[in-house]
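Participant: coordinates for the following, if possible.
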Amino acid sequence: MSARVVTETREKLEARRTEILASLGLTLEEFRSLVETRTLTGEEWEALEELDEIAFLLGEA
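Facilitator: Residues are numbered from 1 along each chain as shown. So this is what the prediction gives:
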């Protein structure tokens with residue numbers, strides 16, 4: 001059985017990042033500041049992981 005490969009466009013990745021941040025009610029800069037200043041909730045940890053994955057795929061990490 002071969003591995004399934006999913007290709008996402010830059011636009012879809014950026015739209016997903018916007019969705020995640022909107023669900024948190026924060027900008028990316030506000031969220032990064034929050035990450036550095038307090039303990040994250042479960043939802044925030046999941047958001048952080050996905051945002052880091054998106055940044056990696058976009059070549060920003």
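Participant: how many neighbours does Ala55 have?
Facilitator: 14 (other Cβ atoms under 10 Å). All C-beta spots, glycine's among them, are computed from the backbone N, C-alpha and C.
Participant: what sits against it?
Facilitator: If a contact means Cβ atoms under 8 Å, 6 or more residues apart in numbering, then Ala55 has Ala61 as its contacts.
Participant: so which strand or helix has Glu14?
Facilitator: helix 10-24 (DSSP states H and E).
Participant: off-centre distance for that helix?
Facilitator: Taking Cα atoms, centre = their mean, to the nearest Å, one finds the center of helix 10-24 at 7 Å from the center of the full chain.
Participant: identify the residues contacting the helix or strand just after that helix?
Facilitator: Going down the chain from helix 10-24, the next helix or strand is helix 28-37, by DSSP H and E. With contact meaning Cβ under 8 Å, 6+ apart, helix 28-37 is reached by Arg17, Leu21, Leu24, Leu26, Leu40, Glu44, Ala47, Leu48, Leu51.
Participant: separation between the first one and Arg32?
Facilitator: I take that to be Arg17. Between Arg17 and Arg32 the distance is 12 Å, computed by Cβ to Cβ, to the nearest Å.
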